[in-house]
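Colleague: Return a 3D structure for these sequence lines:
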Amino acid sequence: MDYDPSRAERTTAAWGRIEEWLGVHAPQSHATLPGPAEPSEVAAAEDALGELPPELLALWSRHVGGRGSGPRLRILRGYDVFPPMDAVRCRDQALSAILEAEEMGPRPWVPACAMSTAEPRLWNFIDVPTGQLGWNVHAGEFTEPEESGETFAEWIEGVADELHGGAGRGILVPGVADGWLSWHDIRVRDRIPSSWRPLRPE
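Modeller: Below you'll find the model as predicted:
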């Protein structure tokens with residue numbers, strides 16, 4: 001299938017802006033970025049999942065394709081990109097079960113990011129033909145890609161924009177503590193480190 005080349009280009013450009021910001025403002029997070037995915041991992045994921053979205057292929061070729069040695073980074077509004085085989089596991093263990101329970105049949109959806117990629121409960125996924133972004137919220141309650149009104153490229157561009165001073169979206173606010181980027185709900189003060197400083201005024 002031929003895809004709009006801007007899908008990968010926009011994703012790569014947005015990630016580049018995020019990585020640039022981390023290098024200046026959150027050096028600990030930047031230093032802990034995992035390496036690119038091994039070609040064999042990507043090939044195995046493609047064998048298991050079929051056609052892969054160009055957005056994920058672009059990210060896996062950068063610093064988000066392997067498993068980091070440090071803590072979960074949660075750079076993308078609290079989410080991390082699935083390494084290739086974790087995306088496969090999420091499809092097999094979570095997404096497929098939801099589709100079967102809802103009698104929806106197979107869909108060209110590939111898990112993209114999660115709050116915990118090793119044990120995903122909150123995660124999103126890309127509709128391969130269109131690049132539209134869908135969301136799994138809790139235990140099978142999800143927003144289908146055609147309902148979200150947002151593509152993956154638009155979502156990651158929004159993250160980059162927010163880090164670079166753009167308008168905030170949602171309840172999570174980005175900030176830095178001891179060189180680490182993290183996103184917090186400022187309504188829940190007891191979960192926020194004392195050294196954390198938000199990027200935008202409260």
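Colleague: Now Val176: phi and psi?
Modeller: Main-chain torsions, Val176, degrees, to the nearest 10: phi -130, psi 140.
Colleague: any idea which helix or strand comes after the least confident helix or strand in the chain by mean pLDDT?
Modeller: The helix or strand of the chain with the poorest confidence is strand 141-143; it has a mean of 77 (mean pLDDT, DSSP states H and E). The helix or strand immediately downstream of strand 141-143 is helix 145-148, counting by DSSP states H and E.
Colleague: what comes into contact with that following helix?
Modeller: The contact list for helix 145-148 (C-beta atoms under 8 Å, 6 or more residues apart in numbering) reads Trp109, Phe125, Ile126, Asp127, Thr130, Gln132, Leu133, Gly134, Trp135. (C-beta placed from N, C-alpha, C; glycine too.)
Colleague: one more time with 10 Å
Modeller: 107-109, 124-135, 142, 151-152, 154-155 (C-beta atoms under 10 Å, 6 or more residues apart in numbering).
Colleague: Quick one: mean pLDDT over the biggest helix by length in the chain.
Modeller: Criterion DSSP state H: the longest helix present in the chain is helix 6-25. In this model, helix 6-25 has an average pLDDT of 96.
Colleague: what does stretch 162-172 give?
Modeller: 87.
Colleague: Pull the residues that contact that stretch.
Modeller: Counting by C-beta under 10 Å, 6+ apart, residues outside stretch 162-172 touching it are 17-18, 20-22, 25-26, 74-75, 77-78, 155, 157-161, 173-174, 181-188, 198-200.
Colleague: From those, which land in strands?
Modeller: Judged by DSSP state E, these include Val173, Pro174, Leu181, Ser182, Trp183, His184, Asp185, Pro198 as members of strands.
Colleague: tell me the two of the residues you listed that are most distant?
Modeller: The span of the ones in strands among the contacts of stretch 162-172, defined through C-beta to C-beta, is set by Leu181 and Asp185 at 15.4 Å.
Colleague: Would you write a ChimeraX line that selects the buried entries of the contacts of stretch 162-172?
Modeller: Selection of the buried residues among the contacts of stretch 162-172 in ChimeraX, burial being defined by 16 or more other C-beta atoms under 10 Å:
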select :17,18,21,22,25,26,74,75,77,78,155,157,158,159,160,173,174,181,182,183,184,199
